[in-house]
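*Asks:* give me a 3D structure for the following:
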Amino acid sequence: MPHFMLRGKLTHTSVKAITANPQDRRKVAAAALEAVAAKLRDYYFAFGDADVLVTYEAPGAETTASVAMMVGAAGTLTDVETIALLTMEEAIDAMASPPLSLTIRTCLDDSCRDVACRSIAASQRAGR
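*Replies:* This next block holds a predicted model:
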C-alpha cells in the first residue's frame, strides 16, 4: 500500500486537553485509520512547524482524502498537510523508469513542440 505522512499543528484547545489529561493517541489514530482501510505506521510529536507527524499506509488517493477530511472535521489540528511518501525501493524504481529517455528519443525528429523537450533533444544530438 502507498505510504503517506500527515502533519499538523495542535489547536490551543487540543494542547490544553492533552496537557490536562496526557494519553497515548496512537490507539485513537489507529482506530480512525482502520475505519477507512488505512494502517497507522508511526505517530510522533515534533518540534518546529508541525506538532504532530503521523505516517500511515492507505489504499490510494480517495482514502487519503478521507483521512484529511476526518482530521479536519475533528478540529484537533490546524495547518494539516498530507505528503505522499516513497519507500527507497519505490524511489529506485521511479529513478529507473524510462519516460525521460523515451521523450528524448521521441523528440529527436523535431516534431515535438515542447520547448524544454526540444532543448534536451538538441543537446543530445550535439553530444552535450
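
*Asks:* quick check: Gly72 touching Val80?
*Replies:* Yes. Counting by Cβ atoms under 8 Å, Val80 is a contact partner of Gly72 at 6.3 Å. The C-beta positions use only the backbone N, C-alpha and C, and glycine is treated the same way.

*Asks:* so the two - more neighbours on which side?
*Replies:* Val80 (17 against 13; other Cβ atoms under 10 Å).

*Asks:* wait, is that one part of a strand?
*Replies:* Yes. Assessed with DSSP: H, G, I helix; E, B strand; the rest coil, Val80 lies in a strand.

*Asks:* skipping its backbone neighbours, what lies nearest it in space?
*Replies:* Nearest-residue entry for Val80: Gly8, 4.1 Å, with adjacent residues in sequence omitted and distances by Cβ to Cβ, 6 or more residues apart in numbering.

*Asks:* distance from the chain centre to the host helix or strand of that neighbour, please.
*Replies:* Taking DSSP states H and E as the criterion, Gly8 maps to strand 3-10. Relative to its parent chain, strand 3-10 has a centroid offset of 9 Å by Cα atoms, centre = their mean, to the nearest Å.

*Asks:* contacts for that strand, please.
*Replies:* Outside strand 3-10, the residues within contact range by Cβ atoms under 8 Å, 6 or more residues apart in numbering are 18, 41, 46, 49-58, 64, 67-68, 71, 76-87.

*Asks:* equivalent analysis for stretch 43-55, please.
*Replies:* 3-10, 25-26, 29, 40-42, 77, 79, 81, 85.

*Asks:* and it, end to end?
*Replies:* 7 Å (Cα to Cα, to the nearest Å).

*Asks:* show me what counts as buried in that stretch.
*Replies:* Across stretch 43-55, burial judged by 16 or more other Cβ atoms under 10 Å covers 43, 50-55.

*Asks:* okay if I get the residues you listed as JSON lines plus distance to Ile92 and secondary structure?
*Replies:* Converted to JSON lines, those look like this (distance: Cβ to Cβ, whole Å; DSSP: H, G, I helix; E, B strand; the rest coil):
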{"residue": "Tyr43", "distance to Ile92": "27", "secondary structure": "strand"}
{"residue": "Ala50", "distance to Ile92": "28", "secondary structure": "coil"}
{"residue": "Asp51", "distance to Ile92": "32", "secondary structure": "coil"}
{"residue": "Val52", "distance to Ile92": "30", "secondary structure": "strand"}
{"residue": "Leu53", "distance to Ile92": "24", "secondary structure": "strand"}
{"residue": "Val54", "distance to Ile92": "25", "secondary structure": "strand"}
{"residue": "Thr55", "distance to Ile92": "20", "secondary structure": "strand"}
